[in-house]
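Undergrad: following is a predicted model, sequence given first.
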Amino acid sequence: MPRLALVTGGTRGIGLAIAQTLKRDGARVIVCGRQPASLPGLEVMPTDVTDASQLAALAEAAGPVDILVNNVGGSLGGGSFLASSAAQWQGAFALNVMPAVILSQALLPGLRARGWGRVVNIASIWGRESGGGAAYNAAKAAMISLSKSMALEVVADGVLVNCVAPGSVIFPGGGWERRQVADPAGIAKFVEEKLPRGRFGDPQEVAELVAFLASDRASLLAGACIPIDGGQGQSNL
Ligand SMILES: NC(=O)c1ccc[n+]([C@@H]2O[C@H](COP(=O)([O-])OP(=O)(O)OC[C@H]3O[C@@H](n4cnc5c(N)ncnc54)[C@H](OP(=O)(O)O)[C@@H]3O)[C@@H](O)[C@H]2O)c1
């Protein structure tokens, strides 16, 4: 029986690359986004993850998930702390953190009962260290903290929870591409000054790490937060 994977926000960008890579590695893969999409080889369940009742319906409809990738998230415009509204903070946590909390609470009992499972939470280097908008940074730091809490509670049952922290990743239709089109010189300067690798990350590079964490090969990793950023992050840890 193939393993069953669920990837939130898996219809585009990093989530889509993760879904396709888990499929390549033999899993049956369900993805969700708000918009319906036709993606060969993947099962799409349109869901707004900020709506708790839709999330509960997704968890129910998905069935016995073995691999959960809490990928959905975004900066929602960013902004400094003093310039940001309470609604922006609520929105950042509703999109980045609460879907991971609600889905993991719904699905982890099944993973534990079956004695094998993998959960991979997608954070950001702006969560391991200061950077990006204030609300996004706090939400991604919460994802890292959440990953550790979850990991410690289920590791003894064969369920391994880890976190991945990408640096800046570009793809057609994504946020960085939009910024590059709007300000090519500014983005070229950003690449030169801030990206030691000399280029953006590609979704596939993140997907390969997630696929490893979701596999039997990652048998002693639990509660880790692994940056994948071509050296962009400044944290020593
Ligand atoms: N790209 C980067 O440079 C970068 C860097 C570090 C971390 N990350 C993190 O990596 C993850 C993926 O980023 P990305 O750049 O690939 O994101 P993206 O381009 O914004 O794609 C987001 C995906 O999530 C879905 N989505 C958005 N809002 C949703 C909602 N309310 N309910 C359900 N699905 C929703 C989108 O589909 P619909 O539009 O159809 O809803 C799409 O499939 C995020 O957690 C992000 O914070 C990204």
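TA: That came in fine, so what should we check first? All values reported here derive from a predicted model rather than from experimental measurement.

Undergrad: which parts of this structure sit against the ligand?
TA: Selection of the chain residues close to the ligand by CB under 6 Å from any ligand atom yields 9-15, 32-35, 47-50, 71-74, 95, 122, 124, 166, 168-169, 174-176. The way it works is simple: take the backbone N, C-alpha and C, and place the C-beta from them, glycine included.

Undergrad: so what does the longest strand along the chain touch, helix or strand wise?
TA: Counting residues, the longest strand in the chain under DSSP state E turns out to be strand 159-166. The helices and strands touching strand 159-166, judged by 3 or more CB pairs under 8 Å, 6 or more residues apart in numbering; DSSP states H and E, are helix 98-114, strand 117-122, helix 125-128, helix 134-154, helix 203-213, strand 225-228.

Undergrad: out of the ones you listed, which is the most enclosed?
TA: Relative to the other members of these, strand 117-122 carries the highest mean neighbour count by mean count of other CB atoms under 10 Å, namely a mean of 26.

Undergrad: picking up where we left off before, any chance of the helices and strands packed on strand 159-166 in JSON lines, plus mean pLDDT and distance to R28?
TA: Written out in JSON lines, the entries for those read as follows (pLDDT from 0 to 100; distance: least, CB to CB, whole Å):
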{"stretch": "helix 98-114", "mean pLDDT": "98", "distance to R28": "15"}
{"stretch": "strand 117-122", "mean pLDDT": "98", "distance to R28": "14"}
{"stretch": "helix 125-128", "mean pLDDT": "98", "distance to R28": "30"}
{"stretch": "helix 134-154", "mean pLDDT": "98", "distance to R28": "22"}
{"stretch": "helix 203-213", "mean pLDDT": "99", "distance to R28": "14"}
{"stretch": "strand 225-228", "mean pLDDT": "98", "distance to R28": "25"}
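
Undergrad: so how far is I125 from the residue of the chain most remote from its centre?
TA: Here the chain reaches farthest from its C-alpha mean at A185, the gap being 29.1 Å by CA atoms, centre = their mean. Distance, A185 to I125, by CB to CB, to the nearest Å: 24 Å.
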